[in-house]
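In: quick one: sequence plus predicted model below, questions after.
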Amino acid sequence: MPTLDKQILVSVDAVGKHYGELIAVHEVSFYLKKGEVLGFLGANGAGKSTTMNMLCGVLAPTRGAITVAGYDVVKDPINAKRQLGYLPEQPPLYRDLTVDEYLDYCAGLRGIAKAQRSQRINETKQRCGLSEVGRRIIGQLSKGYQQRVGIAQAIVHLPALIVLDEPTVGLDPVQVRAIRTLIRELAQDHGVILSTHILPEVEAVCDRVQILNHGRIVFADDIAALSAKMAAKNLLLSLRQPPDHAALLAIPGVLAIKEIGDLRFLIDIDESNHPAERVAEYAVSQGLGLYELSPQQMDLEQVFVDITTDEVRR
Amino acid sequence: MILHVLRHELRNLFLSPLAWVVLALVQLLLAYIFLLNIDAFIAQQDELALATESPGATVLVVLKTLGNVPTMLMAVIPLITMRLLSDEKRLHTWVLLSSSPISIRAIVLGKYFSVLVFFAVTWLLVCLMAVSLGLGTQLDLGHIVAALMAIFLLIAAIAAIGLYMSSLTVHSAIAAIATFALVLLLWIVDSGASLSGEESSLNHFSMSFHYQSLLSGLVDIASVSYFLLIASAFLILTIRHLHRERVDG
């Protein structure tokens, strides 16, 4: 029974997974709309893969409910699984088969009729840059190609939902870019859930992001909100001559000054009253030899560490 | 869906050298035993001709040869079944199956029937070997058919046990050893009783008891259902175990 809201592709409602005493996922709720890329961030062991395995029906959740395209993954697994393609952390490859044989098997498992299979496989190979290697044995392909075969397997049946667990792990920078481009392309007509612990990846491909820590979602918002969290709160100031601390502190908007090396200062600023110009004017008027003044943007790593360690303290 | 899995498994089996080696060696050994039995039969011709109720070629050659088949099957079937599920776990390909729109039952049956088809090849070769004797002498075909059926039932039972063991572990060698041990145990479970010459309730649990009963030409519902029950019980256990794994992780 499909849900009324046709836009909602996946809904995960208060899902948890317990292994006896050990709780891998406490309680996770989220949703995904069509055409969205949702990024799943988290340290190793945060519960990302467990959540994805539950989403794809590989593991049954201890509690909570998951629906994919309106079908309950536990109660109606066959229909739900028809709607999804999954690339787990370890690509599920039969290394003795050729790429063509393997994709044919996968397509058949996903219920594509024999007559349409070869066309679907050719299109998929083209999309994933595998056209040249169709007859090669998977075990003899490079890691990058194997990863692409893993992605091909997940999209060969054009599922509504594509779940990718760390799709770019172990690839070289060129391959990483190619795969990110592919993911953005896929997002045009599929919903994509992507897990990673590589933060720039999230910035590059995701619309929304969700940070998982110790089996709980500790941050869930769109990329803009994440960028806001990363907004500059510091100015880096480098001079040739030592400044007068008191005078610097007297500049409106300057909250605190910290020396971080020979004549390099980190200035805490009041964002509503940005003092960059005034600091520059001061330094120049005093002839301090100003050669660097830049906003210190917090990078995603810091935000991530902030969010996850906050959670630990709480 | 079952067919799709079956075809894939058969291709995997025939891609691996193990399968071919197994088929060739079984055939070689059986042919040798067959020849030895024919040789012995020819050497005994004079005595047999004098006896009033002589057993004939069916019993002395064909059934004697088929009596050796269980030992080989016990050794060989675990080698073929050991990787069916353990490898899927070890190589992480189980996730592909369990995230696909296919039921666990269909996966298990597909794999099971692939083993049956594979050993049907061996079985057919055994059939041909037995029937080939018909070119030179009169055979009791009814008796031979009963014996061949016993062999196929034995294959079906051992394969199901092997599949179950393969679902329990990621180490294929352990699956093979465990299958062999369990089948051997079932085979000899009544040997204490039969040594002392007593009828025992343990007979009913013994594979050899039911196998010998079929081999002697006695097609008895109890014996046929014994093998079918073992096969279905272990298939159900396999499916249940895989379901539990999904729940327990």
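Out: Nice, I can see it. Numbering: from 1, shown residues only, chains lettered A, B, ... in the order given.

In: state the distance from A:Tyr86 to A:Ala250.
Out: Using CB to CB, to the nearest Å, one gets 60 Å for the distance from A:Tyr86 to A:Ala250. Backbone N, C-alpha and C define where each C-beta goes, glycine included.

In: more neighbours: which of these two?
Out: With neighbours defined as other CB atoms under 10 Å in any protein chain shown, A:Tyr86 and A:Ala250 compare such that A:Tyr86 has more, 27 against 10.

In: list the contacts for the more buried one?
Out: With contact set as CB atoms under 8 Å, 6 or more residues apart in numbering or on different chains, A:Tyr86 has these partners: A:Met52, A:Cys56, A:Val58, A:Ala154, A:Ile162, A:Val163, A:Asp165, B:Val95, B:Ser99.

In: would you check how far apart the fifth one and A:Ile193 are?
Out: Think A:Ile162. Using CB to CB, one obtains 7 Å as the distance from A:Ile162 to A:Ile193.

In: neighbour-wise, which of these two wins?
Out: Here A:Ile162 and A:Ile193 are compared on neighbour count by other CB under 10 Å; more neighbours surround A:Ile193, at 27 against 23.

In: centroid-nearest residue for chain B?
Out: Central residue of chain B (CA atoms, centre = their mean): B:Ile155, 2.1 Å from the mean position.

In: correct me if wrong: that residue contacts B:Met74.
Out: No: the pair B:Ile155 / B:Met74 is not scored as a contact, 10.6 Å apart, by CB atoms under 8 Å.

In: run through chain B and note the low-pLDDT ranges.
Out: Applying pLDDT under 70 to chain B picks out residues B:52-54, B:194-195, B:197-198.

In: that one: strands as residue ranges?
Out: For chain B, applying DSSP state E gives no strands.

In: next up, the contacts around B:Ser201.
Out: Under the criterion of CB under 8 Å, 6+ apart, the contact list for B:Ser201 is empty.

In: actually A:Tyr105, not the one I wrote
Out: Each residue near A:Tyr105 by CB under 8 Å, 6+ apart is listed here: A:Tyr94, A:Leu97, B:His4, B:His8.

In: count the residues that sit near the third one.
Out: The burial count assigned to B:His4 is 18, neighbours taken as other CB under 10 Å.

In: list the residues that contact residue 109.
Out: As the question left the chain open, I've gone with chain A. A:Leu109 makes contact with B:Met1, B:His4, B:Val5, B:Leu96, B:Leu97, B:Ser100, B:Pro101, B:Ile102, according to CB under 8 Å, 6+ apart.

In: meant chain B, my bad for not saying
Out: B:Leu109 sits in contact with B:Ile2, B:Val5, B:Leu235, where contact means CB under 8 Å, 6+ apart.

In: got a markdown table for those, with distance to A:Ile137 and neighbour count too?
Out: Formatted as a markdown table, the entries for the contacts of B:Leu109 read as follows, by distance: CB to CB, whole Å; neighbours: other CB atoms under 10 Å in any protein chain shown:
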| residue | distance to A:Ile137 | neighbour count |
| --- | --- | --- |
| B:Ile2 | 27 | 18 |
| B:Val5 | 21 | 23 |
| B:Leu235 | 32 | 21 |
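
In: how about the residues of chain B by chain A?
Out: B:1, B:4-5, B:8, B:11-12, B:15-16, B:91-103, B:246-249 (CB under 8 Å from any CB of the partner chain).

In: generate a ChimeraX selection restricted to the buried entries among the residues you listed.
Out: Buried members of the residues of chain B next to chain A, defined by 16 or more other CB atoms under 10 Å in any protein chain shown, are picked up in ChimeraX with:
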select /B:1,4,5,8,11,12,91,93,94,95,96,97,98,99,100,101,102,246,249
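
In: buried residues, stretch B:77-89. List them.
Out: Buried positions in stretch B:77-89, judged by neighbour count with 16+ other CB under 10 Å: B:77-89.

In: and the residue of chain B positioned farthest from its centre, how far is that from chain A?
Out: The C-alpha centroid of chain B is most remote from B:Leu50, which lies 38.0 Å away (CA atoms, centre = their mean). As judged by CB to the nearest CB, to the nearest Å, B:Leu50 and chain A stand 60 Å apart.

In: before we move on, what about B:Ala31?
Out: For B:Ala31, the distance to chain A (CB to the nearest CB) stands at 30 Å.

In: what's around that residue, how many residues?
Out: Residue crowding around B:Ala31 was assessed by other CB under 10 Å; the count is 13.

In: repeat that for B:Gln138.
Out: For B:Gln138, the number of neighbouring residues by other CB under 10 Å comes to 10.

In: strands of chain A, start to end?
Out: Assigned by DSSP E, chain A shows strands spanning A:8-19, A:22-33, A:37-41, A:63-68, A:71-72, A:84-87, A:161-165, A:191-196, A:208-213, A:216-222, A:234-238, A:254-261, A:264-269, A:292-296.

In: any idea how far the second one is from the chain center?
Out: Right, strand A:22-33. In terms of CA atoms, centre = their mean, to the nearest Å, the centre of strand A:22-33 is set 16 Å apart from its chain centre.

In: now that strand: buried residues?
Out: Within strand A:22-33, the residues that qualify as buried by neighbour count (16+ other CB under 10 Å) are A:Ile23, A:Ala24, A:Val25, A:His26, A:Val28, A:Phe30, A:Tyr31, A:Leu32.

In: on that earlier part again, need the contacts of A:Tyr105 in CSV with distance to A:Tyr145, can you?
Out: Written out in CSV, the entries for these read as follows (distance: CB to CB, whole Å):
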residue, distance to A:Tyr145
A:Tyr94, 15
A:Leu97, 14
B:His4, 25
B:His8, 22
